[in-house]
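Novice: have a look at this prediction, sequence included:
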Amino acid sequence: MAKIVPFKAVRPTRDKVSLVTSRSYDEYTPAELASQLDYNPFSFLHILNPAYVNLQKIATATRFKGVQLKYQEFKDEDVFKKENSPVFFLYEIQSKNNSFTGIIAGTSIEDYKNNVIKKHEDTLAYRVELFKDYLHQTGFNTEPVLITYPQNNELQAWIDKRKQKRPLYLFSTPNKDKHILWRIKEEDEIQWIQEQFEKAGNIYIADGHHRSASAEMLYDQDKESGNANLDYFMSFLICETNLKIYEYNRIINDLNGLTKQAFLKALEKDFVVENKQQELWKPKQKYQYGMYLDGDFYALSLKDTNFKSVMEALDAQILYTKVLNPLLGIGDLRNDERIDYIPGSKPITEIKKQVDSGDFEVGFMLYPASINEIKELADNDLIMPPKSTYIEPKFRSGLVIYEI
C-alpha cells in the first residue's frame with residue numbers, strides 16, 4: 001500500500017519553460033555548459049552553477065547558498081510560479097526511439113523506511129550526506145526519484161484518456177525530444193489516483209537511490225521542525241513496462257599481466273569463446289557477453305547456467321566472479337581505477353574507440369537486466385553490483401520543483 005500526495009509545485013512560466021529546463025548538469029560538456037550559460041539567461045544551469053559568472057571555485061557551503069539565492073532571484077523575476085493548491089502532474093517524454101509517461105507526485109518517507117518503496121542499489125555515504133546538505137541549504141529539489149509500479153490497466157486507461165486533453169506545456173529541446181506536461185488539480189482525480197497506488201502494493205526505485213536516501217536523512221535531521229514537506233520526496237512514477245533498462249558496459253585498462261593468448265585460454269574454462277573479428281557484436285540474450293580485444297570482437301557464451309539465487313545469476317555478477325575479479329584482478333567495482341563504465345545507451349563503437357585509443361585494453365558488453373530481476377533482488381533485500389543498470393527516462397532539471 002503506497003501513499004502518494006499532490007504538492008504545491010514550483011514551475012517555469014509557460015513562455016519560458018523551454019529556455020529554463022536543462023539536462024542534468026553532469027551531462028553537459030564544458031563547451032555546452034559555456035554556451036548555455038553565456039547565451040541563455042533563463043537556463044536552470046545558472047541556478048545549479050551560480051559561480052559561473054566569476055569563473056571561480058567556491059566552497060561547498062558557499063555554493064549551496066549561492067544556489068538558493070539564485071533560485072530566489074529567478075522567483076523574484078517571475079521566471080517561476082508556484083501552484084495555488086497541491087497538484088499531480090502527468091508527464092510524457094517523446095524521444096526518437098522511446099516514449100515515456102508517468103505521474104509526478106510526492107512519495108512517503110514512511111513508505112521508504114518501511115520498505116514499501118523497495119531498493120536494489122547501494123549508496124555511498126558521502127554522496128547521501130552531500131545531497132542532504134544541498135537540500136537543507138537550498139530548500140528545494142528538482143530531481144525526482146524514478147519509481148516504477150506494476151502494470152495497472154485502469155490507471156493506464158486513465159493516462160491514455162487524460163493525454164487527450166490540452167497540456168499545460170508542450171515543448172521540444174535541442175536534442176529533438178518532446179516534453180508534454182498535464183496538471184492534475186481536480187480533487188476527485190487526485191483521490192482516484194491515490195487509491196490506485198494504495199492498491200499497488202510495493203513500488204520500486206528504478207533510479208535515484210542516493211536522492212531518496214538523502215531525503216530520509218534530511219527528514220531524520222529536521223523532522224522536529226514541523227515542516228510537513230519533509231515527510232515526502234518528489235518522484236516520477238512510471239509503469240514497469242514503460243521503463244527502458246540498459247546495461248552498463250565495462251572497459252578495463254590492462255589484462256592484469258596476462259598475454260592476450262593466456263587471457264583467451266583462461267576464458268575458455270567458463271565460456272565458449274567465438275572470434276567475431278570486425279563484426280560489431282553485442283549480446284542477444286542472457287548469459288552472453290561481448291568482448292572487444294586487440295581489434296577483434298568476441299562472443300562469450302556461459303557454459304554452466306545453473307545458479308541457486310537471482311544474485312548469482314545476474315549477468316553483471318557473473319562477469320565479476322568469472323572474469324573481472326579472478327582473471328583481471330578487479331576487486332572494488334566502485335573505486336578501482338582500472339575499470340570504467342559506458343552506458344548501453346551509447347553505441348558499442350564507443351567501447352571500440354576507447355580500447356583502440358590505447359587507454360584501455362579490453363571492453364565487455366553485457367545483456368541488460370530485466371525488471372523482474374531488479375524486483376526479485378529488491379524483494380530479497382539484495383543489492384546489485386555497482387553500475388549494473390542505466391535506466392531511462394531521465395528528467396529535465398527545472399521543470400517541476402519540490403520546495404522543502
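Specialist: Now that the structure is in, tell me what you want to look at.
Novice: hey, where'd the helices end up in the stretch 151-300 of the chain?
Specialist: With DSSP state H, counting those that start in this stretch, the ranges of helices along the stretch 151-300 of the chain come out as 153-162, 187-198, 209-222, 260-267.
Novice: I'd like the ones you listed as JSON lines, with distance to Lys276 appended.
Specialist: Yep, even glycine has a C-beta here, placed from its N, CA and C like the rest. What follows is the helices of the stretch 151-300 of the chain, written out as JSON lines (distance: least, C-beta to C-beta, whole Å):
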{"stretch": "helix 153-162", "distance to Lys276": "41"}
{"stretch": "helix 187-198", "distance to Lys276": "46"}
{"stretch": "helix 209-222", "distance to Lys276": "36"}
{"stretch": "helix 260-267", "distance to Lys276": "13"}
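Novice: in contact with Gln317, which residues are there?
Specialist: Met311, Pro385 (C-beta atoms under 8 Å, 6 or more residues apart in numbering).
Novice: state the mean pLDDT of stretch 355-363.
Specialist: For stretch 355-363, mean pLDDT rounds to 97.
Novice: what residues sit buried inside it?
Specialist: By neighbour count on 16 or more other C-beta atoms under 10 Å, the buried set for stretch 355-363 is Val355, Phe360, Glu361, Val362, Gly363.
Novice: quick check: the fourth one touching Leu255?
Specialist: Yes - using C-beta atoms under 8 Å, Val362 is in contact with Leu255, at 6.6 Å.
Novice: so what sits against both of those two?
Specialist: Phe263, Leu328.
Novice: hey, what's the residue positioned nearest the centre of the chain bridged with?
Specialist: Using C-alpha atoms, centre = their mean, the residue of the chain that lies closest to the mean C-alpha position is Asp207, 3.9 Å off. For Asp207, the beta-bridge partners are Leu146 (DSSP bridges).
Novice: surely Val400 and Thr142 touch.
Specialist: Yes - checked against C-beta under 8 Å, the pair Val400 and Thr142 is within contact range at 6.9 Å.
Novice: quick one on the thing from earlier: would you mind finding the most buried of the helices of the stretch 151-300 of the chain?
Specialist: Scoring the helices of the stretch 151-300 of the chain by mean neighbour count under mean count of other C-beta atoms under 10 Å gives helix 209-222 as the most buried, with a mean of 20.
Novice: show me the helices in the stretch 1-150 of the chain, by range?
Specialist: Under DSSP H, counting those that start in this stretch, the stretch 1-150 of the chain gives helices at 17-20, 30-39, 45-48, 60-76, 109-113, 125-138.
Novice: which residues sit against the longest one?
Specialist: The list of residues contacting helix 60-76 from outside it, by C-beta under 8 Å, 6+ apart, reads 10, 46-48, 50-51, 58, 80, 130, 133-134, 137-140.
Novice: now the angle from that helix to helix 125-138?
Specialist: 40 degrees (axes from the mean of the first three to the mean of the last three C-alpha atoms, to 10 degrees).
Novice: so which elements touch the least confident helix or strand in the chain by mean pLDDT?
Specialist: Lowest by mean pLDDT, DSSP states H and E among the helices and strands of the chain is helix 30-39, with a mean of 88. With contacts taken as 3 or more C-beta pairs under 8 Å, 6 or more residues apart in numbering; DSSP states H and E, helix 30-39 sits against helix 45-48.
Novice: what's the closest non-adjacent residue to Ile383?
Specialist: Leaving out its chain neighbours, the residue that sits closest to Ile383 by C-beta to C-beta, 6 or more residues apart in numbering is Asp122, at 4.7 Å.
Novice: and that neighbour, backbone torsions?
Specialist: Dihedral pair for Asp122: phi -80, psi 160, per degrees, to the nearest 10.
Novice: and it, how far from Ala213?
Specialist: Here Asp122 is placed at a distance of 10 Å from Ala213 (C-beta to C-beta, to the nearest Å).
Novice: please apply the same query to Gln94.
Specialist: 31 Å.
Novice: also Phe42?
Specialist: Distance from Phe42 to Ala213, by C-beta to C-beta: 32 Å.
Novice: swap in Asp160?
Specialist: Look at Asp160 and Ala213: by C-beta to C-beta, they are 34 Å apart.
Novice: and the closest residue to Ser212 other than its chain neighbours, how many neighbours?
Specialist: Closest residue to Ser212 apart from its sequence neighbours, by C-beta to C-beta, 6+ apart: Val145 at 4.8 Å. Look at Val145: counted by other C-beta atoms under 10 Å, it has 25 neighbours.
Novice: understood, closing this out.
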